[in-house]
Each structure stands twice: as structure tokens, then as C-alpha cells.
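**Q** sequence plus the predicted model coming up.
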Amino acid sequence: MALNQFADISKDLYAQIKVIENLVEGNLFVEADALLSTTKESCRNLESLMTQDNKIQTHIVDNRQQEIHWIDDAIRVGLKKTHSKPVKKHRQ
């Protein structure tokens, strides 16, 4: 049962990461940031389902954690750029 649960959560987590990556690529950093906490929770759930000494599961979780870390960094950079853009003044 736990193996099926691991596979299901792994697939769901992968899909969540791809959605967030697409949002980041579209410069929708606020939306991506809002979804990131759910993705981090899914990753923690996936990690809790790992069976001991299963190198494949460990590799999957490590990869997802790394992807989440990269996305988090990209969101932080994007949010900083968004907030630091100067306001354009219209000439009259």
C-alpha cells in the first residue's frame, strides 16, 4: 500500500512542480509562490512514505527537494525584480 501511495504522491508532486515552473517561466511569481507551500508539504509527505534503504525513493525525494529549492530561488529573485521595477510616469 505504501508503495502505491509513494508512487501516487510522487506523480502528483511532479505535476505540481511542473505547474509552478510554468508559472515562473511566465513571470507569475506571486501565483507560483502561493502554490509552493503546498508543493513543499507534498514533498514532506513523500519523504515520510520512503521505505528505509530504498535508494530509488531516496533519489526521487532528493531530486524533488532540489527542484523545489531551485524554484524557490527563482521565485525569490523574480519577486525582488518585480518589486524593484521603477514606476513609469506618463508624460502629459
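**A** Received, thanks.

**Q** from here on, just use CA atoms for contacts and neighbour counts.
**A** Fine.

**Q** can you pull the buried residues of stretch 3-11?
**A** If you call a residue buried by 16 or more other C-alpha atoms under 10 Å, then stretch 3-11 has these buried ones: 6, 9-10.

**Q** okay, buried residues for the helix or strand encompassing residue 44 please.
**A** Assigned by DSSP states H and E, residue 44 belongs to helix 29-48. When neighbours are counted by 16+ other C-alpha under 10 Å, the buried residues of helix 29-48 are found to be 29-30, 32-33, 35-36, 39-40, 42-43, 45-47.

**Q** can you give me the helices for the chain?
**A** Ranges of helices in the chain, per DSSP state H, are 2-25, 29-48, 55-84.

**Q** could you dump those to TSV with mean pLDDT?
**A** What follows is the helices of the chain, written out as TSV (pLDDT from 0 to 100):
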stretch	mean pLDDT
helix 2-25	92
helix 29-48	94
helix 55-84	91
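
**Q** residues contacting the residue nearest the centre of the chain?
**A** Most central in the chain under C-alpha atoms, centre = their mean is residue 68, positioned 4.0 Å from the mean C-alpha point. Residue 68 is in contact with 17, 36, 39-40, counting by C-alpha atoms under 8 Å, 6 or more residues apart in numbering.
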